[in-house]
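1. pasting the sequence and the predicted model now:
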Amino acid sequence: MPKNSARPKTLLESLDILIEKHHLLKHPFYQAWTEGTLSKESLQLYAGQYYQHVRAFPENLQQLADRAEGPVAKLIQENLDEELDPVSPHPMLWRQFAESLGVSEATLADSRPLPGIAALLDTFDEVTSQGTMAQAVAVFYAYEAQVPEIAAQKISGLRRFYDITEPRALAYFSVHEEADVRHRAAWRSWLNNQNDGDNFEVLCAAERSLKALWGALDAVYPQSCAAKN
């Protein structure tokens, strides 16, 4: 074998390259958050808009759970059970965060998704209801693989720059800082055991979701779009 021949990348290696390329901590919105230069109005808009995704996320997991079989069904159900914990369901934890910014529950309920948020909702809905199991798992992995580090940066920024320190206001991020370490490990384990037959389609689904997540932040932080022009 020639010395310069490269070993084909595994599915997980290719996914991790995509995630690094589109990592949300590189987005100007999160950079401004961690630097303390994000306005409170931008945070309020984000809280109201991104709630649409937070609220839909358990529904997406349920869509996938309804058609899953074998070990992956258990993995998905465990994730769903955490999202809908009877004591502290994750959408409720997000509402507590929004409340700390002065965003009312009525505002959250009445918010209509901006185009970038709507595209994110459509992407997750389509992949979890119509995509292959590998495509859907790759989409969840691409998202949750980033969350622990993002959550840690959000907590730090809220405490340092926005005087948001109450545990109930930070609970959504505290929970995901820990839980998604387990979730990404579980998704990785399942993906690592899959055949490489449809890698192209799986990677396309993952990249589509990563771009949709990025676009959702563009929607609530138009400055990032202006900077590209």
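-> Perfect, thanks for sending it.
2. CA atoms for contacts and neighbours, from now on please.
-> Fine.
3. can you give me the helices in the protein?
-> 11-21, 28-35, 40-65, 71-83, 90-100, 105-110, 115-130, 133-144, 147-161, 167-192, 199-220, 223-228 (DSSP state H).
4. can you give me the end-to-end span of stretch 160-168?
-> One end of stretch 160-168 sits 17 Å from the other (Cα to Cα, to the nearest Å).
5. give me the buried positions along it.
-> Using 16 or more other Cα atoms under 10 Å as the test for burial, stretch 160-168 gives Tyr162, Ile164, Arg168.
6. apart from its chain neighbours, what residue comes closest to the residue most central in space within the chain?
-> When the chain is reduced to its mean C-alpha position, the nearest residue by Cα atoms, centre = their mean turns out to be Tyr143, at 4.0 Å. Nearest non-adjacent residue to Tyr143, counting by Cα to Cα, 6 or more residues apart in numbering: Leu210, 7.2 Å away.
7. and what of Gly36?
-> Phe161 (5.2 Å).
8. quick check: the one you found touching Leu38?
-> No - the criterion here is Cα atoms under 8 Å, and Phe161 misses it with Leu38 at 9.3 Å.
9. what stretches of this structure score poorly on pLDDT?
-> 1-5, 196-197, 224-229 (pLDDT under 70).
10. if you set the cut-off to 90 instead, what comes out?
-> Within the chain, the stretches with pLDDT under 90 are 1-9, 194-198, 222-229.
11. gap between the residue nearest to Gly36 and Thr37?
-> Separation of Phe161 from Thr37 (Cα to Cα) stands at 8 Å.
12. same check, this time on Gly131
-> Taken as Cα to Cα, the span from Gly131 to Thr37 is 39 Å.
13. what's stretch 15-24 in contact with?
-> Residues outside stretch 15-24 that contact it (Cα atoms under 8 Å, 6 or more residues apart in numbering) are Tyr30, Ala138, Ala142, Gln146, Ile150, Leu203, Ala206, Glu207, Leu210, Lys211, Leu213, Trp214.
14. out of the helices of the chain, which is the most enclosed?
-> Mean neighbours per residue, mean count of other Cα atoms under 10 Å, is largest over those for helix 133-144, with a mean of 24.
15. which one is Lys211 nearest to, not counting chain neighbours?
-> Ranked by Cα to Cα, 6+ apart and with sequence neighbours excluded, the top spatial neighbour of Lys211 is His22, at 7.1 Å.
16. how many other residues sit next to that neighbour?
-> 17 (other Cα atoms under 10 Å).
17. give me the phi and psi for it.
-> Note on His22: its backbone torsions stand at phi -110, psi 20 [degrees, to the nearest 10].
18. one step back: who's in contact with the residue nearest to Tyr143?
-> With contact taken as Cα under 8 Å, 6+ apart, Leu210 is in contact with Ile19, His22, His23, Val139, Ala142, Tyr143.
19. please name the nearest non-neighbouring residue to the fourth one.
-> Spatial nearest neighbour of Val139, excluding adjacent residues (Cα to Cα, 6+ apart): Ala206 at 4.8 Å.
20. mind checking how far the one you found is from Gln96?
-> To Gln96, Ala206 is 30 Å away according to Cα to Cα.
21. touching, Gln135 and Glu201? I think so.
-> Yes - the criterion here is Cα under 8 Å, and Gln135 meets it with Glu201 at 7.1 Å.
22. count of neighbours near the spatially closest residue to Tyr30 that is not a sequence neighbour?
-> Counting by Cα to Cα, 6+ apart, Tyr30 lies nearest to Leu24, which is 7.2 Å off, once chain neighbours are set aside. Counted with other Cα under 10 Å, residues neighbouring Leu24 total 22.
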